[in-house]
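Chemist: build me a model:
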Amino acid sequence: MDYLNKITKLNITSTNLHQEWNRFKRDFNYFATAAEISKKPTEVQVSFFHLAIGSEANDLLPSLGLSDEDTKSLKKIQEAYEKYCSPKRNVIFQRFIFEKRNQKEHETLEEFINEVRTLATTCEFDNHEERIRDRLIFGLIDSNLRDKIMFSKENSPGEIINKLRAHQLQIDQIKEVNHENSPSKPFTSEETTSVDYIKKSNTQKKPYKSKLPGCKDCFKRHDPEDCWMRDKFCNKCKRKGHEASVCQRNVLINEVSKNSPPKLSDDDLVYSCDAVKRCVNNQSVWCQNLKTGNVFINFKLDTGAEINTIPLSTLNSIEGDKKIRKTKIKLKGYFGDVVQPVGEVELSIQYKDKSYKENFIIVNQNIKPLLGLESCFKLGLMKRIYSITKKTLKFMNVINKLSLIKIKIYSKD
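Modeler: Numbers count the residues shown, from 1 in each chain. Below is the predicted model:
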């Protein structure tokens with residue numbers, strides 16, 4: 001009879017008494033079947049019921065309007081509690097509550113699924129499973145996940161719920177990876193010797209301060225309007241009126257490092273893969289659409305980065321199994337903000353009818369997917385020029401005319 005102690009007592013103060021009664025009735029029926037109490041005398045059956053339901057619910061029994069004869073029948077007692085706990089419901093109001101139910105912040109997908117299923121039991125839907133499916137999709141707090149599931153080919157109620165549970169499993173795995181990656185002690189330089197990184201330098205080139213009197217552009221004495229540099233073009237700040245040798249504008253320096261770094265301070269133990277930015281007129285980045293799995297992803301091509309990165313939201317849009325591994329790589333953003341990697345994953349990238357396996361660091365931030373130097377060369381997106389031919393010179397002249405970049409060409413003469 002130890003099973004009797006495992007039945008939770010009926011909570012008559014519950015805000016959802018109907019649901020509470022259904023739970024108790026289900027558990028008691030399981031116990032009655034296992035203990036075969038139907039074979040016992042009626043008085044014993046009633047006693048088991050009173051022991052299981054609890055003292056608070058038993059105090060309610062005299063007010064249920066049962067006769068002395070009825071109090072000796074288990075069936076009559078259960079019908080009286082059923083009537084008390086399950087008054088006639090307002091189905092319209094129950095459906096209103098159902099349709100308002102959205103996933104709450106920090107609520108897992110499994111908890112959300114169970115709550116929606118419970119609310120649906122009081123709504124008397126004809127298309128029960130389809131209404132549950134629709135509420136689960138429209139109530140998702142993650143808009144990217146909602147859009148992905150809404151337009152998927154497999155949209156039966158069972159398949160949708162399986163996809164949500166698979167997504168929750170992936171989230172739990174990512175949390176576990178993050179927990180394992182959290183260092184229990186400070187990193188040392190020996191622990192990070194095998195980590196590739198790009199470190200933002202704290203050094204800035206100080207503006208040149210002339211001690212010479214006279215013109216601020218050429219440092220010679222003359223009338224302001226007669227400066228010989230007034231028509232010169234600066235290659236550093238891209239402004240007219242002086243040359244790069246006397247430019248006084250600050251320049252931010254970014255330093256690229258690999259493998260055994262020098263001894264680092266606490267602030268230098270987090271590294272970056274987004275610290276190099278290329279500017280050509282108004283075009284700040286070079287990008288390429290590449291097919292990854294079932295989707296095309298627009299990657300930024302960064303020759304200053306030695307690793308590839310992909311945001312978690314973009315990774316989730318790729319269908320199929322993605323095995324996320326732990327990573328020791330630590331990242332820092334372009335302006336010094338710390339980026340905690342989620343892990344790393346190997347993805348198949350298709351370019352010009354060829355498939356390449358590339359490793360990516362996963363970040364849980366809204367950034368552009370990045371393809372580093374090594375992968376750019378591997379896919380043939382960039383090439384080094386070792387010699388200049390007449391064809392190359394012609395190509396450079398075309399670029400100069402288009403004002404994309406300025407290339408100075410020198411002859412041996």
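
Chemist: what strand or helix carries the closest residue to Ser313 other than its chain neighbours?
Modeler: Spatial nearest neighbour of Ser313, chain neighbours left out: Asn144 (5.4 Å); criterion: Cβ to Cβ, 6 or more residues apart in numbering. From N, CA and C alone the C-beta is placed, and that goes for glycine too. Asn144 is part of helix 143-150, with elements assigned from DSSP states H and E.

Chemist: and for Arg95?
Modeler: helix 91-100.

Chemist: just the C-alpha atoms of that helix, please, in CSV.
Modeler: C-alpha atoms of helix 91-100 as CSV (Å, rounded to 0.1, in the frame of the first residue of the first chain):
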residue,chain,number,x,y,z
VAL,A,91,-16.2,27.7,-23.2
ILE,A,92,-15.8,31.1,-24.9
PHE,A,93,-13.8,32.4,-22.0
GLN,A,94,-11.6,29.3,-21.9
ARG,A,95,-10.8,29.7,-25.6
PHE,A,96,-10.0,33.4,-25.0
ILE,A,97,-7.5,32.4,-22.3
PHE,A,98,-6.1,29.7,-24.7
GLU,A,99,-5.6,32.2,-27.6
LYS,A,100,-3.9,34.7,-25.3
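
Chemist: next helix or strand past it?
Modeler: Taking DSSP H and E, what comes next after helix 91-100 is helix 109-120.

Chemist: ok and that following helix relative to helix 143-150, angle-wise?
Modeler: Angle, helix 109-120 to helix 143-150, by axes from the mean of the first three to the mean of the last three Cα atoms, to 10 degrees: 60 degrees.

Chemist: can you give me the strands for the stretch 101-250 of the chain?
Modeler: 197-199, 204-205 (DSSP state E, counting those that start in this stretch).

Chemist: weakest of those by average pLDDT?
Modeler: Note on those: lowest mean pLDDT is at strand 197-199, with a mean of 48.

Chemist: output the below-cut-off pLDDT ranges for the stretch 201-350 of the chain.
Modeler: 201-214, 216-217, 219, 221, 223-225, 238, 248-285, 332-338 (pLDDT under 70).

Chemist: ok, back up a step: list the buried residues for the helix holding Arg95?
Modeler: For helix 91-100, the neighbour count (16 or more other Cβ atoms under 10 Å) marks Gln94, Arg95, Phe98 as buried.

Chemist: what does stretch 38-51 give?
Modeler: So stretch 38-51, judged by 16+ other Cβ under 10 Å, has buried residues Gln45, Val46, Phe48, Phe49.

Chemist: Serialize those residues to a markdown table and add fields for secondary structure, pLDDT and distance to Asn5.
Modeler: A markdown table is the format used below for those (DSSP: H, G, I helix; E, B strand; the rest coil; pLDDT from 0 to 100; distance: Cβ to Cβ, whole Å):
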| residue | secondary structure | pLDDT | distance to Asn5 |
| --- | --- | --- | --- |
| Gln45 | helix | 90 | 18 |
| Val46 | helix | 91 | 19 |
| Phe48 | helix | 90 | 12 |
| Phe49 | helix | 91 | 15 |
